[in-house]
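S.K.: Output the structure for:
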Amino acid sequence: MNSGTFGVTTGIKPVFYRLKDAKSAIFRNIVVMNLLKKIHYKTVLFHILFWIAVWFFFYYFFSYNSDDTAYVTWFSSFLLPLTIGVTYFVVFFLIPGYLLTRKYFLFALYSFYTTVFTSYIIVLIIYGCLIFLLNFNIAIMPPMGKNFYFILILVNLVVGIVSFISILNHNFKTTSRNNELQNKILATQLQLKEQELHYLKRQIHPHFLFNTLNTIYGFALKQSKQTPEIILKLSNLLDYILYQVNKPRVSIKEELLHIEEYIGLEKIRFKDTLKVEFTQDIDNEEMQVAPMLLIPLVENAFKHGTLAEGLLKVEIIVSVQNNRLDFLISNTFIRRESKVPEGGIGLENIRKRLELNYKSNYQLTHEIKGSWYRSKLEIFNLNIWNNEQSNSLPDR
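M.R.: As a prediction, this is how the structure comes out:
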């Protein structure tokens with residue numbers, strides 16, 4: 001029984017190891033294939049052609065005043081691997097490892113060691129060629145082939161040129177990556193601004209509906225005959241909100257019509273206790289502005305305005321002249337406990353939207369003068385959008 005088991009076991013082990021070796025071979029082949037795919041054949045070809053050119057460069061200088069082409073050929077061939085090795089060592093190790101990382105002392109130290117090593121190998125090549133190719137006959141040795149300093153300078157010249165090109169290429173790639181990264185950052189910032197602006201536009205909907213639906217609710221409780229009229233006006237306003245607010249720009253004419261619809265709603269709500277003066281001075285009704293830019297200021301006037309002698313007065317003056325917008329809205333206001341009303345969502349919304357659309361190109365101010373509260377918005381040039389300089393504004 002034991003022998004049978006042993007026989008089965010010894011039969012399985014060779015199969016197991018063969019399968020293991022086959023898997024290892026497949027893995028090695030996959031690794032080799034991946035490495036081959038990563039090789040840039042054009043780069044390899046360029047390197048080969050470059051070093052062939054360097055060989056001819058050496059041959060040209062060492063054949064000066066010499067007819068011994070065989071010696072010059074062998075000498076150039078022996079010198080070329082040294083030049084290739086030193087060049088790649090400097091380009092792929094010293095420069096990225098020490099120069100580009102600003103380890104200048106170590107870079108200088110290892111460069112010195114590299115020069116010493118190069119000098120030693122050059123001496124060996126000179127004496128080796130003298131012994132094995134010329135049989136110690138230094139008289140027939142080409143003059144350039146026995147000049148140690150000339151050979152060292154020639155090798156270092158090739159290394160220096162390739163290193164300089166490598167550094168330039170690195171700087172170019174770094175600049176390109178930085179530009180690409182900067183473009184991605186700018187694109188991301190623009191996308192975030194668009195999303196924030198879209199959110200702020202959408203935020204107007206519940207704020208506006210909350211105020212208007214309260215008005216409708218009040219009239220519905222009283223079973224007022226004006227309730228259908230209010231609903232119709234609200235429908236017109238919602239049509240503007242749903243279809244126009246998604247546009248990046250609307251005409252000043254559309255924006256002012258929207259304000260007039262809103263004032264119509266408030267007139268129904270306040271009845272005889274409201275007096276509104278709406279003055280317009282527009283030189284170009286097609287001038288583009290951000291949608292629903294002014295309505296928060298108008299809403300704020302009605303929300304925080306107080307009756308003075310039984311009457312809420314609201315004065316609105318809109319002027320668009322020479323691409324400049326001046327919007328002034330005033331409402332009667334009685335200060336209580338020395339507190340100024342806060343604008344809540346409405347004015348916070350408009351402040352953020354002004355920052356996104358007209359940064360450094362607008363001014364928003366608020367003041368209490370007598371029994372009047374005034375808000376003034378100035379946009380200096382409606383054709384300029386998204387300037388860089390920020391402008392801090394007070395909240396109402």
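
S.K.: ranges for the strands of the stretch 151-300 of the chain?
M.R.: All strands of the stretch 151-300 of the chain, identified by DSSP state E, counting those that start in this stretch, fall at 250-251, 274-282, 288-289.

S.K.: Would you list the strands that the first one pairs with, along with their directions?
M.R.: Strand pairing for strand 250-251, determined by DSSP bridges: strand 288-289 (antiparallel).

S.K.: tell me the mean pLDDT for the partner strand?
M.R.: For strand 288-289, mean pLDDT is 90.

S.K.: contacting residues around it?
M.R.: For strand 288-289, the external contacting residues (C-beta atoms under 8 Å, 6 or more residues apart in numbering) are 249, 250, 251, 252, 255, 325, 379, 382. (Glycine included, C-beta is placed from N, CA and C.)

S.K.: Now which of those would you call buried?
M.R.: 250, 251, 252, 255, 325, 379, 382 (16 or more other C-beta atoms under 10 Å).

S.K.: Redo the residues you listed as CSV? Include distance to residue 115 and pLDDT.
M.R.: Formatted as CSV, those follow (distance: C-beta to C-beta, whole Å; pLDDT from 0 to 100):
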residue, distance to residue 115, pLDDT
250, 72, 86
251, 75, 89
252, 75, 92
255, 75, 87
325, 71, 94
379, 68, 93
382, 68, 91
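
S.K.: Please identify which of those residues is nearest to residue 146.
M.R.: residue 382 (81.8 Å; C-beta to C-beta).

S.K.: nearest spatial neighbour of that closest one, skipping sequence neighbours?
M.R.: Once flanking residues are discounted, residue 382 sits nearest to residue 323: 5.0 Å by C-beta to C-beta, 6 or more residues apart in numbering.

S.K.: The one you found and residue 251: what is the separation?
M.R.: Distance, residue 323 to residue 251, by C-beta to C-beta, to the nearest Å: 14 Å.

S.K.: any shared contact partners between the two?
M.R.: Common neighbours of residue 323 and residue 251, using C-beta under 8 Å, 6+ apart, are residue 287.

S.K.: which ones are touching residue 378?
M.R.: Residues in contact with residue 378 (C-beta under 8 Å, 6+ apart) are 324, 325, 326, 327, 362, 363, 364.

S.K.: Look up phi and psi at it.
M.R.: Dihedral pair for residue 378: phi -120, psi 120, per degrees, to the nearest 10.

S.K.: and the gap between it and residue 299?
M.R.: Distance from residue 378 to residue 299, by C-beta to C-beta: 20 Å.

S.K.: quick one on the thing from earlier: which of the contacts of residue 378 sits closest to residue 225?
M.R.: Comparing these against residue 225 with C-beta to C-beta places residue 327 closest, at 34.5 Å.

S.K.: secondary structure class for that closest one?
M.R.: strand (DSSP: H, G, I helix; E, B strand; the rest coil).

S.K.: what bridges to it?
M.R.: Beta-bridge partners of residue 327, as defined by DSSP bridges: residue 318, residue 377.

S.K.: Of all the residues in stretch 43-51, which ones are buried?
M.R.: By neighbour count on 16+ other C-beta under 10 Å, the buried set for stretch 43-51 is residue 51.

S.K.: neighbouring contacts of that stretch?
M.R.: Outside stretch 43-51, the residues within contact range by C-beta under 8 Å, 6+ apart are 80, 84.

S.K.: one step back: in a markdown table, list the strands of the stretch 151-300 of the chain along with distance to residue 145.
M.R.: Listed next are those as a markdown table, based on distance: least, C-beta to C-beta, whole Å:
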| stretch | distance to residue 145 |
| --- | --- |
| strand 250-251 | 84 |
| strand 274-282 | 90 |
| strand 288-289 | 79 |
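
S.K.: can you tell which of the ones you listed is closest to residue 120?
M.R.: For the strands of the stretch 151-300 of the chain, the distance to residue 120 is smallest for strand 288-289, at 76.5 Å, taking C-beta to C-beta.

S.K.: picking up where we left off before, pipe the buried ones among the contacts of strand 288-289 into JSON lines and attach distance to residue 97 per row.
M.R.: Formatted as JSON lines, those follow (distance: C-beta to C-beta, whole Å):
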{"residue": "250", "distance to residue 97": "59"}
{"residue": "251", "distance to residue 97": "63"}
{"residue": "252", "distance to residue 97": "63"}
{"residue": "255", "distance to residue 97": "63"}
{"residue": "325", "distance to residue 97": "60"}
{"residue": "379", "distance to residue 97": "56"}
{"residue": "382", "distance to residue 97": "56"}
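
S.K.: pLDDT score for the residue lying closest to residue 372 once chain neighbours are set aside?
M.R.: Spatial nearest neighbour of residue 372, chain neighbours left out: residue 330 (5.0 Å); criterion: C-beta to C-beta, 6+ apart. On pLDDT, residue 330 comes in at 93.

S.K.: List the residues that contact the spatially closest residue to residue 332 that is not a sequence neighbour.
M.R.: Excluding the flanking residues, the one nearest residue 332 by C-beta to C-beta, 6+ apart is residue 308, at 4.0 Å. Counting by C-beta under 8 Å, 6+ apart, residue 308 touches 332, 334, 371.

S.K.: Remind me which helix or strand the second one belongs to.
M.R.: The reference is to residue 334. For residue 334, there is no host helix or strand (DSSP states H and E).

S.K.: which residues touch it?
M.R.: 306, 308, 371.

S.K.: distance of it from residue 167?
M.R.: To residue 167, residue 334 is 74 Å away according to C-beta to C-beta.

S.K.: follow-up on the earlier one: tell me which of the strands of the stretch 151-300 of the chain approaches residue 352 most closely.
M.R.: strand 288-289 (16.1 Å).

S.K.: chain center to that closest one, what's the gap?
M.R.: Strand 288-289 sits 28 Å away from the centroid of its parent chain (C-alpha atoms, centre = their mean, to the nearest Å).
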